[in-house]
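Enquirer: this is the structure alone, sequence omitted:
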């Protein structure tokens with residue numbers, strides 16, 4: 001680990017390729033928004049200047065990953081690339097049964113379809129959108145058990161992603177089919193989960209005979225926060241921390257598009273033999289043969305490299321500090337944010353910024369649309385549009401890995417300052433059309449009259 005004793009945390013990499021970004025006029029952005037039904041998911045990428053919609057699959061791959069891509073073995077069954085992928089995941093997690101999938105929601109779908117009978121209950125610190133949708137599509141009930149601090153954006157507790165242990169005890173007494181922890185807790189502001197909480201949840205589940213899985217899309221960032229915030233872990237290597245997290249669980253789902261730093265891919269893994277058999281059979285039906293799982297061999301290679309690069313301490317220090325810098329700068333121009341900053345995004349508290357917009361008029365969507373109108377910045381609402389029962393009206397400004405520089409972030413802050421300056425004139429929104437599941441992806445909306 002390097003000893004960087006400077007205020008400025010530089011990117012621990014050099015840039016070898018660049019990509020042009022669009023710069024539209026306000027009139028062009030207005031037309032694009034109208035055509036998209038005021039849903040930022042429906043915008044064409046060529047109309048977006050700074051894209052903070054998600055950190056999923058949007059990162060820049062390293063030279064080592066691009067090199068690995070060239071040795072991909074595209075054999076249908078038993079490819080060398082699968083062997084390397086399986087070895088990398090096993091080193092990271094220790095799980096004996098490992099299945100590649102095309103992305104994290106495919107792992108969630110297989111898990112839900114194979115082990116969740118109708119009427120069953122799944123508890124989580126907080127289910128994110130696709131996890132909840134797959135659980136509910138199976139006819140099961142998704143129950144969130146966050147700690148109380150997660151509901152207070154101003155609370156600076158270091159592990160606001162933890163699960164409430166008293167609430168878990170009550171749920172286990174009532175009957176639970178599966179327990180999960182989302183690392184980091186995306187819907188709760190990207191907050192990490194402490195090792196103490198993982199240990200406590202694991203112990204309770206094992207005593208109750210309830211299988212325990214991790215949604216470990218951001219395992220490396222969660223390990224970093226344990227390393228830097230939790231007593232007793234400052235001198236523990238990051239791979240050891242990560243392995244300890246996985247050792248406490250019976251299995252995991254991973255979207256490799258996050259801390260795998262790949263453009264596509266995912267993992268479903270377990271130590272339960274009977275579940276592994278069910279996973280394998282379902283995977284063959286929907287993803288492909290178990291040694292490719294809906295991925296090209298070259299993608300398996302890229303994921304294998306990315307899972308190891310994600311635990312590099314210099315990279316994680318830079319990433320966490322970059323997000324913290326972003327949060328500090330937004331606060332300096334009057335944008336309320338969720339504290340403390342998480343590892344992959346800054347979460348804006350749009351409900352506090354727009355007190356004149358009630359939750360049913362989607363203040364988070366109002367902020368997201370305003371950011372696009374002002375400067376072509378695309379974020380994502382995580383409030384009453386994504387989760388109808390949401391307690392907080394948030395907007396996630398997610399940081400793609402190894403993509404944007406400090407100048408890009410300073411530009412986003414300048415755009416946000418303009419939104420703050422006209423906050424009282426920003427309108428709310430109403431939903432015009434929506435699908436039965438995951439409505440935020442494809443709903444159409446329209447602005448309401450200001451104050452209407």
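Expert: Noted; the coordinates are in hand. These figures come from a predicted structure and were not determined experimentally.

Enquirer: what ranges do the strands span in this structure?
Expert: For the chain, the strands defined by DSSP state E occupy 50-51, 97-101, 121-124, 141-144, 178-182, 212-215, 251-255, 266-270, 345-349, 377-378, 380-382, 394-398, 429-433, 444-447.

Enquirer: out of those strands, which comes closest to residue 364?
Expert: Nearest of those to residue 364, taken as C-beta to C-beta: strand 380-382 at 3.8 Å. For the C-beta atoms, the positions are set from N, CA and C on the backbone; glycine is no exception.

Enquirer: mind listing the strands that closest one pairs with, and their directions?
Expert: According to DSSP bridges, strand 380-382 forms sheet pairs with strand 394-398 (antiparallel).

Enquirer: what angle do the partner strand and strand 345-349 make?
Expert: Angle, strand 394-398 to strand 345-349, by axes from the mean of the first three to the mean of the last three C-alpha atoms, to 10 degrees: 160 degrees.

Enquirer: other residues contacting strand 394-398?
Expert: Under the contact criterion C-beta atoms under 8 Å, 6 or more residues apart in numbering, strand 394-398 has outside partners 52-56, 153, 186, 189-190, 326, 338, 344-351, 364, 367-368, 371, 377, 379-383, 412.

Enquirer: ok, back up a step: let's have the strands of the chain in CSV, adding mean neighbour count.
Expert: CSV is the format used below for the strands of the chain (neighbours: other C-beta atoms under 10 Å):
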stretch, mean neighbour count
strand 50-51, 21
strand 97-101, 25
strand 121-124, 24
strand 141-144, 19
strand 178-182, 26
strand 212-215, 26
strand 251-255, 28
strand 266-270, 29
strand 345-349, 28
strand 377-378, 24
strand 380-382, 26
strand 394-398, 28
strand 429-433, 16
strand 444-447, 16
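
Enquirer: okay, those strands in CSV with mean pLDDT and distance to residue 21 next?
Expert: Putting these into CSV (pLDDT from 0 to 100; distance: least, C-beta to C-beta, whole Å) gives the following:
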stretch, mean pLDDT, distance to residue 21
strand 50-51, 98, 7
strand 97-101, 98, 31
strand 121-124, 98, 36
strand 141-144, 97, 37
strand 178-182, 98, 31
strand 212-215, 98, 31
strand 251-255, 98, 25
strand 266-270, 98, 28
strand 345-349, 97, 19
strand 377-378, 98, 11
strand 380-382, 95, 19
strand 394-398, 97, 16
strand 429-433, 96, 27
strand 444-447, 96, 26
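
Enquirer: dump these to CSV, plus distance to residue 7.
Expert: Output for the strands of the chain, formatted as CSV (distance: least, C-beta to C-beta, whole Å):
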stretch, distance to residue 7
strand 50-51, 24
strand 97-101, 42
strand 121-124, 38
strand 141-144, 38
strand 178-182, 33
strand 212-215, 35
strand 251-255, 33
strand 266-270, 37
strand 345-349, 19
strand 377-378, 26
strand 380-382, 31
strand 394-398, 23
strand 429-433, 40
strand 444-447, 42
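
Enquirer: neighbours around the closest residue to residue 418 other than its chain neighbours, how many?
Expert: Closest residue in space to residue 418, ignoring its immediate chain neighbours: residue 374 at 4.8 Å, by C-beta to C-beta, 6 or more residues apart in numbering. Burial of residue 374 is recorded as 18 neighbouring residues (other C-beta atoms under 10 Å).

Enquirer: again, but for the one 10 residues further on
Expert: A count of neighbours around residue 384, defined by other C-beta under 10 Å, yields 23.

Enquirer: show me what contacts it?
Expert: Contact partners of residue 384, counting by C-beta under 8 Å, 6+ apart, are 359-360, 362, 364, 390, 393.

Enquirer: got the domain ranges for the chain?
Expert: Domain segmentation of the chain under automatic domain parsing yields 26-55+312-447, 63-309.

Enquirer: how much space between the closest residue to residue 194 other than its chain neighbours and residue 409?
Expert: Spatial nearest neighbour of residue 194, chain neighbours left out: residue 159 (4.0 Å); criterion: C-beta to C-beta, 6+ apart. Residue 159 sits 26 Å away from residue 409, going by C-beta to C-beta, to the nearest Å.

Enquirer: where in the stretch 1-150 of the chain is pLDDT low?
Expert: By pLDDT under 70, the low-scoring segments of the stretch 1-150 of the chain are 1-6.

Enquirer: gap between residue 277 and residue 290?
Expert: On the measure of C-beta to C-beta, residue 277 and residue 290 end up 11 Å apart.

Enquirer: longest single helix anywhere in this protein?
Expert: The longest helix of the chain (DSSP state H) is helix 313-332.

Enquirer: what sits up against it?
Expert: Residues outside helix 313-332 that contact it (C-beta under 8 Å, 6+ apart): 1-2, 4, 9-13, 220-221, 223-225, 228, 238, 309-310, 337, 339-346, 348, 397, 399, 401, 406, 409-410, 412-413, 416.

Enquirer: put the buried members of those residues into a PyMOL selection.
Expert: In PyMOL, the members of the contacts of helix 313-332 classed as buried (16 or more other C-beta atoms under 10 Å) are selected with the following command:
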select buried, resi 9+12+220+221+223+224+225+238+309+310+337+339+340+341+342+343+344+345+346+348+397+399+401+409+412+413+416
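
Enquirer: no further queries at this time; thank you.
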